[in-house]
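Peer 1: Sharing a sequence plus its predicted fold:
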Amino acid sequence: MKQLLLVLSIFGLTFAFGQYEIGQTTLTINDPDRDRDIETYVYYPADAAGTDVDLSDGNFPIISVGHGFVMTYDYYIYLWEHLVPLGYIVALPNTETGVTVSHGDYGLDLGYVIQALQAEDENESSIFYNHIGATSAVIGHSMGGGASVLAASEYSEITTLITLAAAETDPSAISAASSVTIPSLTFAGDLDCITPPADHQEPIYDNLSDCKGYVLINDGTHCQFANSNPLCEFGEFSCPSSGLSESDQHGAVLEVITPWLEAYLKFSYDAWLTVEALEGDQSNYNLSLDCTNAPSVSLDETSTDVLSIYPNPNQGLIVLSLPIERGTYNIYRMDGRIIDQGNITGQELDLNHINDGFYLITIQVNETMIINQRILKQ
């Protein structure tokens, strides 16, 4: 137990202190297929805080955040103030903020901004040029939680899904969850009488597949998944009162999502061990995990002078510039799980049997790792 507490303490320190300042910009992202403009507030890692400042060196995963009903992007300050210093780009689409809303359009907005920002990685005139990572997450609260499920069912670019007191939507988030095959975290508050867990979060969670976690906040309320909002709180006037503060509820959320995102967006197996160590009853929540296909290895992209892989991107066939013509390879999904492995008997490797997307390939020769590189099949 002392060793476990020491590990958690070390990870707590690692996750709590970020190395980046917060830059910010406002974009109007156009989805031409819907002829729709998406006002999006973007916060990103920078060396100096400010508006439209340069990003810090590096490639950063994107997190798209969805707001609740009659709420706006700025009620989720606690999320971007925590996540950006840790090396994430946080994008908050500020659409569907009124009383009359389209859940379907909002779900598409949440997914499309990830797709659009990932395209900016190749736009030399963009401040995001050469700064976008291959992985991404969508996080949503209440209406935005249900819309996040809709987004995850539509956009293959999304690596992991996190919902905070998700509400059923039209079209149905409960039904859409059946087609979501990425790792997911579902948060619920046991005092939530706006979207009671039994009617909203639990059926969504039950329909999700792959590796998933369910977090029930003790004395958790619906509105405290966001920063204080009078409109949301007015709707809670008949709900049971809670002895849990907003800061404590935020702390419970961040305690779980921080290592989860490190595991799935930054390929940290150590972070996954932290998630597993949090399973069960904690001071303010209970975490249940159902993960038969959990991450199995940490993968950090490296390079070497003795091996190259080309073309990259590829259309199903890659050439390996190896110093010898024998070895083994492993191909991993971007969440760290192996999908293919075999022996290398020449300098070509056929990938036509795997789906299009980003992967990590590891080449080994005589027990020595030669390269660990990101590839794109398209």
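Peer 2: Perfect, thanks for sending it.

Peer 1: hey, let's count contacts and neighbours off CA atoms from now on
Peer 2: Will do.

Peer 1: show me the contacts for the residue most central in space within the chain.
Peer 2: The C-alpha lying nearest the average C-alpha coordinate of the chain belongs to residue 137 (C-alpha atoms, centre = their mean; 2.3 Å). With contacts defined as C-alpha atoms under 8 Å, 6 or more residues apart in numbering, residue 137 is in contact with 61-64, 158-162, 261, 265.

Peer 1: Who's the closest spatial neighbour of residue 41, skipping the chain neighbours?
Peer 2: Leaving out its chain neighbours, the residue that sits closest to residue 41 by C-alpha to C-alpha, 6 or more residues apart in numbering is residue 26, at 4.6 Å.

Peer 1: The one you found is in contact with residue 53, isn't it?
Peer 2: No: taking contact to mean C-alpha atoms under 8 Å, the distance of 12.0 Å between residue 26 and residue 53 leaves them out of contact.

Peer 1: Run the chain-centre distance for the helix or strand hosting residue 359.
Peer 2: For residue 359, the enclosing helix or strand under DSSP states H and E is strand 357-365. Centroid separation for strand 357-365 versus its chain: 22 Å, with C-alpha atoms, centre = their mean, to the nearest Å.

Peer 1: Same question for stretch 163-182.
Peer 2: Its chain's C-alpha centre lies 16 Å from the corresponding centre of stretch 163-182 when counted by C-alpha atoms, centre = their mean.

Peer 1: Just the ones of the contacts of residue 137 in helices?
Peer 2: Per DSSP state H, helices hold the following members of the contacts of residue 137: 261, 265.

Peer 1: Name the nearest of the contacts of residue 137 relative to residue 364.
Peer 2: For the contacts of residue 137, the minimum distance to residue 364 (C-alpha to C-alpha) is 24.0 Å, reached by residue 265.

Peer 1: can you tell me which residues contact the residue nearest to the closest one when sequence neighbours are not counted?
Peer 2: Of all residues not flanking residue 265 in the chain, residue 135 sits nearest, at 5.4 Å (C-alpha to C-alpha, 6+ apart). Residues touching residue 135, when contacts are defined by C-alpha under 8 Å, 6+ apart, comprise 61-62, 157-159, 265-266, 334.

Peer 1: hang on, the earlier thing: pretty sure the residue nearest to residue 41 is in a helix, no?
Peer 2: No: according to DSSP: H, G, I helix; E, B strand; the rest coil, the state of residue 26 is strand, so it is not within a helix.
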